[in-house]
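>>> sequence and predicted structure, then a few things I'm wondering about:
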Amino acid sequence: MIYRNKGPPVDMKLKFQINWLNYIRFWQANGESQKTSMRVKTRLHQLVEDGIYTGGCAPFGYRLVKSGVVNKRGKELPTLEIDPIEKEMVITIFEKTVKDGYGSYVMAQYVNDRKMLTHNGAKFQSNTIKRILQNPLYCGYYNRGGVTSKRVKELQIIDDAVFDEAQKILEQRKYTNEKKTQLARTAKSSTMLGGNIYCAHCGKKLCANSFVDRYTTKDGTTHDGGRRFRYLCSGKAMKRNECDGQSVYSAARVDEIVLDALHKCFDKIKATPKDAAIEKKYRTQISQIKLEIKRLNKETEILKRKLGELTEEIANSLMGDSKFTPDVLAMAIETTKTKIADNVQRVTEKQNQLNDKETDMSKIDYYYEEFVSWADEFDNAPAERQRMIICKLFREILVGRGYSVQILMDSSYEQFLR
Ligand SMILES: [Zn+2]
């Protein structure tokens, strides 16, 4: 059967020509726009590299203001400046992520509870938080189309070190998330511990993995114990070192021991009021460190004076007017210089210690409150949060032969239980 179109007949040749022309026009136009977009891009690259704002909505923490710079078309270009209120929130977002281990979901809730909106007028989502944590603008660098500007100091809100730390955490989360999804595909539950669990014999990390506990007995019955988790000594498994411990531990048994210890800690903290003696102890330690710094600085002053005298004495010695030979003096100078350098080094160390102690002292209340609230929420918390709490509370969990488990608590929390 032949099907005929009822419309007017189409000259096939003509149709082909029209299509062909369209085709050429399309490519010409496309080529043109590609050229324009390349020109714009190069210009943008230059601007970005020079640290000039290239437009768009101001990121959270900043606002657009008039720059005074007028473009070719007589339009005044906007530029960015820090928004003082949002700046504080940006700092909080980084700090809570880096210091308190807030996940991006909890962090978004935190911002929303404080009634702050994104610049699109929307509520914060965990992705908003992730984007903020990854934006190098908070360190003063514009980034557009893969080009990074030089640092614009006036726009920096976050220290490089804090920013880098946040990147590490995001990277880790990505890694654990991938691992978790992998695990979720094969099993419903997973291990309680990870990251802070070590072999008591060789000190290597214990890694978790799972296996299907299925075996057939002689009578032909298959026993299915389901998926089970275990911890393995990574040193022993790779035969990388001399480890005389067990190579495999049942995760359920280790987790139970650790959870038991954890609950004991929680019971204890619930029954322990915050002790004023802790603050007093810090004060004593701080004043001791301050005294030591003072002593070292004084000693350095004396050494420097001595160095000056020794250097002068060299001249005398060369003239034959000294009791000492230049060699002896040179040696004394060398020794004095070494001592001064040692002292300077020790002062720096003490100074760092002092800063740490002062930070810890200022956070006593915080640590105490946190510890008590963990004790309340732990049993009903989601697995991810439980894992975070264990990681923060227990610095190291050492597992040895015969399931002997040693737990080192983080000193910031342990101080309340002493
Ligand atoms: Zn080992």
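Great, that's in hand.

>>> flag every residue of the stretch 51-200 of the chain that's near the ion.
Cys199 (Cβ under 5 Å from the ion). Yep, even glycine has a C-beta here, placed from its N, CA and C like the rest.

>>> next one, pLDDT for the residue in the stretch 51-200 of the chain that the ion sits nearest to please.
Using Cβ to the ion, Cys199 is the residue of the stretch 51-200 of the chain that sits closest to the ion, at 3.1 Å. As predicted, Cys199 sits at a pLDDT of 91.

>>> burial count for the nearest residue to it once chain neighbours are set aside?
In this structure, Cys199 finds its nearest non-sequential neighbour in Cys233, 4.1 Å apart by Cβ to Cβ, 6 or more residues apart in numbering. Cys233 has 26 neighbours, counted by other Cβ atoms under 10 Å.

>>> do the same with Arg401
For Arg401, using other Cβ under 10 Å, the count is 12.

>>> go ahead and confirm it touches Ser247.
No - using Cβ atoms under 8 Å, Arg401 is not in contact with Ser247; the gap is 10.5 Å.

>>> how close does the residue of the stretch 51-200 of the chain closest to the ion get to Ala161?
From Cys199 over to Ala161 the distance is 32 Å, taken as Cβ to Cβ, to the nearest Å.

>>> one more: Glu396?
The gap separating Glu396 from Ala161 is 24 Å, by Cβ to Cβ.

>>> re earlier: looking at Cys199 and Ala161, which is more packed in?
Cys199 (25 against 10).

>>> got the phi and psi for the more buried one?
With angles defined as degrees, to the nearest 10, Cys199 sits at phi -80, psi 130.

>>> residues touching it, list them.
The contact partners of Cys199, by Cβ atoms under 8 Å, 6 or more residues apart in numbering, come to Lys205, Leu206, Cys233, Ser234, Gly235, Lys236, Cys243, Gly245, Leu398, Val399, Gly400.

>>> intersect these with the contacts of the ion.
Restricting the contacts of Cys199 to those touching the ion (Cβ under 5 Å from the ion) yields Cys233, Gly235, Lys236, Cys243, Gly245.

>>> after the helix or strand of the chain with the lowest mean pLDDT comes which helix or strand?
When the helices and strands of the chain are compared on mean pLDDT, DSSP states H and E, helix 12-49 comes out lowest with a mean of 52. Using DSSP states H and E, the helix or strand that follows helix 12-49 in sequence is strand 62-70.

>>> report the distance from that following strand to the chain centre.
Chain-centre distance of strand 62-70: 33 Å, with Cα atoms, centre = their mean, to the nearest Å.

>>> ok, stretch 268-280 next?
How far stretch 268-280 lies from its chain's middle: 30 Å, per Cα atoms, centre = their mean.

>>> all helices of the stretch 201-350 of the chain, in order?
234-237, 251-270, 276-318, 326-362 (DSSP state H, counting those that start in this stretch).

>>> make CSV out of the ones you listed and add distance to Tyr105.
Converted to CSV, those look like this (distance: least, Cβ to Cβ, whole Å):
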stretch, distance to Tyr105
helix 234-237, 31
helix 251-270, 24
helix 276-318, 33
helix 326-362, 27
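
>>> now those helices in TSV, with mean pLDDT and mean neighbour count?
Below are those laid out as TSV (pLDDT from 0 to 100; neighbours: other Cβ atoms under 10 Å):
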stretch	mean pLDDT	mean neighbour count
helix 234-237	76	19
helix 251-270	92	16
helix 276-318	92	14
helix 326-362	92	14
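
>>> out of these, flag the one nearest Met89.
helix 326-362 (21.3 Å; Cβ to Cβ).

>>> ok, then the element right after the closest one?
helix 364-377.

>>> can you pull the buried residues of the helix or strand just after that following helix?
Moving toward the C-terminus from helix 364-377, the next helix or strand (DSSP H and E) is helix 383-393. By neighbour count on 16 or more other Cβ atoms under 10 Å, the buried set for helix 383-393 is Arg385, Gln386, Arg387, Met388, Ile389, Ile390, Cys391, Lys392, Leu393.

>>> ok, back up a step: go through the contacts of Cys199 and name the one nearest Leu296.
For these, the nearest to Leu296 is Leu398 (36.6 Å; Cβ to Cβ).

>>> can you report phi and psi for the closest one?
phi -110, psi 120.

>>> can you start the count at 23 instead of 1 from here on
Understood, numbering begins at 23; the last thing we discussed is Leu420.

>>> in the sheet, who's paired with it?
Note on Leu420: beta-bridge partners Tyr220, Gln428, judged by DSSP bridges.

>>> returning to that earlier point: now, which of the ones next to the ion among the contacts of Cys221 sits nearest Leu340?
Gly257 (61.5 Å).

>>> chain neighbours aside, what residue packs nearest to the closest one?
Per Cβ to Cβ, 6+ apart, closest to Gly257 is Lys226, 3.5 Å.

>>> save the ones next to the ion among the contacts of Cys221 as TSV, and put in distance to Thr381 too.
Below are the ones next to the ion among the contacts of Cys221 laid out as TSV (distance: Cβ to Cβ, whole Å):
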residue	distance to Thr381
Cys255	35
Gly257	35
Lys258	39
Cys265	37
Gly267	37
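
>>> pull out the buried positions in stretch 147-154.
Thr150, Ile151, Lys152, Ile154.

>>> got a list of contacts for it?
Under Cβ under 8 Å, 6+ apart, the answer for stretch 147-154 is 81-83, 112, 115, 119, 125-127, 129-130, 133, 140, 144, 160, 192.

>>> so how far is that stretch from its chain's centroid?
Computed by Cα atoms, centre = their mean, the chain-centroid distance of stretch 147-154 equals 15 Å.

>>> for Ser211, give me the pLDDT.
pLDDT, read off for Ser211, is 48.

>>> likewise for the one 4 residues further on?
The predicted structure scores Leu215 at 81 on the pLDDT scale.

>>> so it touches Ile279, yeah?
No - Leu215 is beyond contact range of Ile279, at 10.3 Å (criterion: Cβ under 8 Å).

>>> re the thing from before, next step: the contacts of stretch 147-154 restricted to strands.
Among the contacts of stretch 147-154, no member falls in strands (criterion: DSSP state E).
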